[in-house]
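[1] have a look at this fold, sequence not included:
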């Protein structure tokens with residue numbers, strides 16, 4: 001298996017990318033090959049300065065990269081030899097670069113990656129728009145999609161994302177018969193916009209395990225395993241959850257540091273708080289897969305450190321190893337939904 005990695009994407013690239021790749025090399029050994037795409041001189045200099053070994057890790061050179069503040073559409077159109085674009089093209093067996101990958105990972109621009117992956121990798125039959133899926137690490141974890149790529153949707157798109165999310169949850173996250181919910185402002189099937197009312201009907205008639213409409217207050221309590229919505233709603237939901245998690249962690253810290261007695265009472269539960277904090281640590285959960293493509297593409301967090309890159313590589317490995325793409329294709333074909 002070969003995973004292609006955008007060495008120039010992310011706030012701490014290429015250092016974090018090299019660190020993550022080095023951990024993966026040591027962890028997987030001969031089972032995994034990796035190619036870093038980016039400026040070879042910068043990559044080697046960073047490795048040398050940080051005492052990191054590139055042994056067993058291939059480099060494909062390009063000095064073009066997509067910046068975080070580039071306009072996504074313009075960047076994809078004009079920077080066709082960027083580290084991101086070349087890496088995505090390498091997922092095609094007949095590419096001109098002499099390297100063929102099974103999955104691609106980038107911590108670069110989300111907008112550019114979403115556009116470029118649909119353009120260079122292509123979408124599965126039955127998928128009109130690929131979507132971004134995010135793992136929410138509650139006691140009963142939830143896969144949220146779309147989490148920001150598509151602000152507006154149709155009912156058919158929500159149905160196809162529900163099928164994609166269901167396959168990913170079972171194949172990669174190990175969920176048994178995942179329950180799919182539709183985020184809404186009420187549990188009744190008549191709630192929401194016309195799009196969501198129609199989506200509820202399609203989901204209820206589909207072959208997935210449909211949990212019905214889910215109100216946002218039920219999200220942390222295991223109301224479903226996969227939560228489907230438009231990207232506008234999903235992104236707001238995701239950022240609110242992230243903000244509230246930070247708020248409560250700070251509030252609890254303030255309580256336990258408010259007095260000597262409070263500090264002493266913290267000692268018996270210190271390990272529990274450590275576990276809770278770790279569960280919300282993005283570096284432990286990899287990145288956000290872009291679902292609906294003909295090959296696995298993982299969007300790493302922009303502020304990824306080496307550990308986060310390693311987790312995203314593990315995620316990409318599992319996507320390939322589980323045969324996720326073929327399972328998604330079979331599921332979509334069974335639904336009879338066709339591209340426009």
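    Happy to help now that I have it. Given the structure is predicted, the values throughout are model-derived calculations rather than measurements.
[2] quick one: average confidence on stretch 288-305?
    Stretch 288-305 shows a mean pLDDT of 94 in the predicted model.
[3] stretch 332-340 too?
    Mean predicted lDDT for stretch 332-340 stands at 56.
[4] skip the chain neighbours and tell me the closest residue to residue 327.
    Spatially, and ignoring its direct neighbours in sequence, residue 327 is nearest to residue 167 (5.0 Å; Cβ to Cβ, 6 or more residues apart in numbering). For glycine as for every other residue, the C-beta is placed from the backbone atoms N, C-alpha and C.
[5] go on, residue 39?
    If you skip the residues right next to it in sequence, residue 39 has residue 63 as its closest partner in space, 4.8 Å away by Cβ to Cβ, 6+ apart.
[6] what's the answer for residue 22, then?
    When the adjacent residues along the chain are set aside, residue 22 lies closest to residue 52, with 5.6 Å between them (Cβ to Cβ, 6+ apart).
[7] need phi/psi at that neighbour.
    With angles defined as degrees, to the nearest 10, residue 52 shows backbone torsions of phi -110, psi 140.
[8] shaky segments in the stretch 151-300 of the chain?
    In the predicted model of the stretch 151-300 of the chain, residues 273-285 satisfy pLDDT under 70.
[9] how about 80 then?
    Within the stretch 151-300 of the chain, the stretches with pLDDT under 80 are 261-262, 264-286.
[10] how about the helices in it?
    The residue ranges that make up the helices of the stretch 151-300 of the chain, judged by DSSP state H, counting those that start in this stretch, are 155-171, 194-205, 231-256, 260-266, 270-279.
[11] closest one to residue 39 among these?
    Proximity of these to residue 39 was assessed by Cβ to Cβ; the nearest stretch is helix 231-256, lying at 31.6 Å.
[12] which elements pack onto the closest one?
    strand 131-136, strand 142-145, strand 179-183, helix 260-266, helix 270-279 (3 or more Cβ pairs under 8 Å, 6 or more residues apart in numbering; DSSP states H and E).
[13] which residue is nearest the middle of the chain?
    When Cα atoms, centre = their mean is applied to the chain, the residue found nearest the centroid is residue 288 (0.7 Å).
[14] and residue 71, how many neighbours does it have?
    Close neighbours of residue 71, defined as other Cβ atoms under 10 Å, add up to 14.
[15] that one and residue 78: what is the separation?
    Going from residue 71 to residue 78 by Cβ to Cβ, to the nearest Å gives 10 Å.
[16] just residue 292 next, same as before
    Distance, residue 292 to residue 78, using Cβ to Cβ: 25 Å.
[17] isn't residue 160 right up against residue 126?
    Yes - in terms of Cβ atoms under 8 Å, residue 160 counts as a neighbour of residue 126; the distance is 5.8 Å.
[18] ok, the closest residue in space to residue 209 that isn't next to it in sequence - contacts?
    In space, residue 209 comes closest to residue 179 once its chain neighbours are excluded; the distance is 5.0 Å by Cβ to Cβ, 6+ apart. Under the criterion of Cβ atoms under 8 Å, 6 or more residues apart in numbering, the neighbours of residue 179 are 209, 210, 211, 224, 225, 226.
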